[in-house]
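In: sharing a model that was predicted from the sequence below.
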Amino acid sequence: MFESRLAVQPVTRECQEATGKWNGRNIQVVDTPSIFEAKAQGQEMYKDIGDCYLLSAPGPHVLLLVTQLGHFTAQDMVAVRRVKEVFGAGAMKHVVVIFTHKEDLGDGSLDDYVDKTDNHSLQSLIQECKNRYCGLNNKATEKEQREQLKKLMAVVEKLESDNQSHFYTNDLFLYAKMLQGGSDGTPEEHRCYLTKVQVHIEKQKQDLKGTGSHWASKCLKIKIHNCDLS
């Protein structure tokens with residue numbers, strides 16, 4: 001769906017969206033740029049965040065936080081806080097942690113790894129996410145990939161059910177949705193929107209000041225829509 005490879009810099013440099021179907025339902029996935037890195041700042045960052053909100057409005061049902069198995073580092077901890085600054089702490093009710101490179105476990109189980117890890121930051125993240133996590137084998141065969149997707153979607157659908165199908169939203173998502181309703185919007189409207197993005201982020205930073213934050217290094221947002229099969 002999205003390009004993925006080993007690289008010094010993140011592969012995704014701007015927001016991208018893709019759509020597909022799962023069991024008769026429309027699925028929209030939005031992949032984010034490196035707005036969750038500590039070095040992300042300035043007007044370009046606010047533009048990327050604004051684009052992310054526009055693509056995801058009125059809000060995602062699920063936030064997928066992607067981190068590599070065995071490599072939850074200080075950089076990930078910084079990224080965790082950045083995600084809360086971007087979306088708000090309330091988004092945690094919609095989070096699923098995705099561990100890549102599950103093949104590194106060998107014959108071990110992901111559940112045992114999570115239960116026995118001595119990484120306190122990772123433990124805190126998993127607890128905050130109410131033990132919602134899933135592992136992906138990067139070397140899986142096509143058949144195994146389908147099985148992995150099935151397991152992931154089971155976690156996603158249970159979360160959706162637990163949240164009574166409510167998507168996560170906030171004032172900025174609602175404003176982005178309103179801007180969408182006016183097609184492309186005027187340059188002045190977009191300038192106003194980017195100002196609102198900046199104010200929103202600064203407010204989130206103030207709200208989070210003095211609190212611990214433990215999330216992951218990449219975020220995908222999923223919107224799920226029921227198909228009209230009539």
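Out: Yep, that arrived. Just so we're clear, the structure is a prediction, and the values are computed from it rather than from any experiment. Numbering: from 1, shown residues only.

In: show me where this structure has its helices.
Out: Assigned by DSSP state H, the helices in the chain fall at 42-56, 74-87, 110-116, 120-128, 142-162, 171-181, 187-208.

In: of all those, which one comes closest to residue 96?
Out: helix 142-162 (5.6 Å; Cβ to Cβ). For glycine as for every other residue, the C-beta is placed from the backbone atoms N, C-alpha and C.

In: mean confidence score for that closest one?
Out: The pLDDT scores in helix 142-162 average 95.

In: in terms of mean pLDDT, which of the helices of the chain ranks lowest?
Out: Of all the helices of the chain, the minimum mean pLDDT falls on helix 74-87 (a mean of 85).

In: give me the distance from that helix to the chain's centre.
Out: Computed by Cα atoms, centre = their mean, to the nearest Å, the separation of helix 74-87 from the middle of its chain amounts to 11 Å.

In: mind listing what's buried in that helix?
Out: Buried residues in helix 74-87, counted by 16 or more other Cβ atoms under 10 Å: 76-87.

In: mind putting those residues in TSV, distance to residue 36 included?
Out: Converted to TSV, these look like this (distance: Cβ to Cβ, whole Å):
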residue	distance to residue 36
76	9
77	11
78	8
79	4
80	8
81	9
82	4
83	6
84	10
85	9
86	7
87	10
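
In: so what's the residue count around residue 94?
Out: When neighbours are counted by other Cβ atoms under 10 Å, residue 94 registers 25.

In: mind pulling up the pLDDT for it?
Out: Looking at residue 94, its pLDDT reads 94.

In: again, but for residue 3
Out: 46.

In: just residue 182 next, same as before
Out: 65.

In: just the buried positions in stretch 54-62, please.
Out: Residues of stretch 54-62 classed as buried: 54-62 (neighbour count, 16+ other Cβ under 10 Å).

In: what is the neighbour count of residue 22?
Out: The tally of other residues near residue 22 (other Cβ under 10 Å) stands at 14.

In: now for it: which residues touch it?
Out: By Cβ atoms under 8 Å, 6 or more residues apart in numbering, the contact list for residue 22 reads 149, 153.

In: any idea what it is bridged to?
Out: Beta-bridge partners for residue 22, by DSSP bridges, are residue 25.

In: now it: how far from residue 152?
Out: 10 Å (Cβ to Cβ, to the nearest Å).

In: then residue 142?
Out: 16 Å.

In: look up phi and psi at residue 73.
Out: When read as degrees, to the nearest 10, the backbone of residue 73 gives phi -110, psi -180.

In: ok, now which ones touch residue 52?
Out: With contact set as Cβ under 8 Å, 6+ apart, residue 52 has these partners: 15, 30, 32-33, 35, 86, 221.

In: from those, which ones fall inside strands?
Out: Using DSSP state E, the members of the contacts of residue 52 that fall in strands are 30, 221.

In: which of the contacts of residue 52 lies closest to residue 204?
Out: Nearest to residue 204, judged by Cβ to Cβ, of the contacts of residue 52 is residue 86 at 7.1 Å.

In: so the closest one touches residue 202, yeah?
Out: No. Judged on Cβ atoms under 8 Å, residue 86 makes no contact with residue 202 at a distance of 11.7 Å.

In: show me what contacts residue 62?
Out: By Cβ under 8 Å, 6+ apart, the residues touching residue 62 are 94-96, 156, 159-160, 221-222, 224.

In: which two among those residues are spaced furthest apart?
Out: Spanning the widest gap among these are 95 and 224, at 15.1 Å by Cβ to Cβ.

In: which one of the two has more residues nearby?
Out: residue 95 (23 against 18).
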